[in-house]
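In: Provided below for reference: sequence and predicted model.
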Amino acid sequence: VRSTGAVGPSASGTVSALHGSDGGVPKAPVDTGEVDHGGVVGDRQANRVHHGRPWQALCLWSTEVIDAFRAEGHPLKPGLAGENLTLSGIAWDRMRPGVHLRIGDVLAEVSSYAVPCKKNAAWFTGGHFDLMHHRHGPVSRIYATVLEPGSVRVGDAVLLEPPA
């Protein structure tokens, strides 16, 4: 796939925010975190039926997508929708299953789009949390599987590599 150019070249950005919680949303900001195969150490999901599987170890979202929603009047901020990492500088349409991300010391593979949950209704005008669904374009949070654990901190570089 990489040799065909179908998913484009490598891209880089930064970690603009890191979040964790003792369960549920919103997640509170933290400056640094250890990431293992289960995700950000100390972060917990309140609903283990729909969250917390190995392919959902990290939830990632885009500063630019959040800013676009805010410009439309939605009271959204990084961490409110439950993402562990908010990334800046990478075109969000590049985030699709199969791409690899080097985030600080961590290597992760995007596994799926995160289907929005009604617990996010408070962050969207009129409760329209479905606006963050991937069927509306590159606006969804994404899940990633951790391939190599490590440390992540705000300001770390992020490198997107297309699938091999």
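Out: Sure, I can see it.
In: Now do the residue nearest the centre of the chain against G73, distance only.
Out: Nearest to the mean C-alpha position of the chain, counting by Cα atoms, centre = their mean, stands L60 at 0.5 Å. Here L60 is placed at a distance of 24 Å from G73 (Cβ to Cβ, to the nearest Å). From N, CA and C alone the C-beta is placed, and that goes for glycine too.
In: which stretches of this structure aren't confidently modelled?
Out: Applying pLDDT under 70 to the chain flags the ranges 1-7, 43-55, 164.
In: can you map out the helices along it?
Out: Remark: helices assigned in the chain by DSSP state H are 63-71.
In: what about the longest strand in it?
Out: Criterion DSSP state E: the longest strand present in the chain is strand 11-20.
In: Go through it and flag the buried ones.
Out: A11, G13, T14, V15, S16, A17, L18, H19, G20 (16 or more other Cβ atoms under 10 Å).
In: As a markdown table, those with distance to V30 would be great.
Out: Shown next, in a markdown table, are the buried residues of strand 11-20 (distance: Cβ to Cβ, whole Å):
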| residue | distance to V30 |
| --- | --- |
| A11 | 25 |
| G13 | 19 |
| T14 | 16 |
| V15 | 11 |
| S16 | 13 |
| A17 | 9 |
| L18 | 5 |
| H19 | 7 |
| G20 | 5 |
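In: Nearest to G82, out of the residues you listed: which one, please.
Out: Within the buried residues of strand 11-20, the smallest distance to G82 is 8.0 Å, found for H19 (Cβ to Cβ).
In: For that closest one, list each beta-bridge partner.
Out: Going by DSSP bridges, H19 is paired in beta bridges with P29.
In: Wait, it touches P29, no?
Out: Yes. Contact criterion Cβ atoms under 8 Å: H19 and P29 qualify, at 5.8 Å.
In: Give me the common contacts of the two.
Out: P78, G79 (Cβ atoms under 8 Å, 6 or more residues apart in numbering).
In: where exactly do the strands run in the protein?
Out: 11-20, 28-30, 32-36, 39-40, 58-62, 85-88, 100-103, 106-113, 142-148, 150-153, 157-161.
In: Give the pairing partners of the shortest one; include direction for each.
Out: Strands adjacent to strand 39-40 in the sheet, as given by DSSP bridges, are strand 32-36 (antiparallel).
In: next one: the strand it pairs with to chain centre, how far?
Out: Distance of strand 32-36 from the chain centroid (Cα atoms, centre = their mean, to the nearest Å) equals 14 Å.
In: mind listing what's buried in it?
Out: G33, V35.
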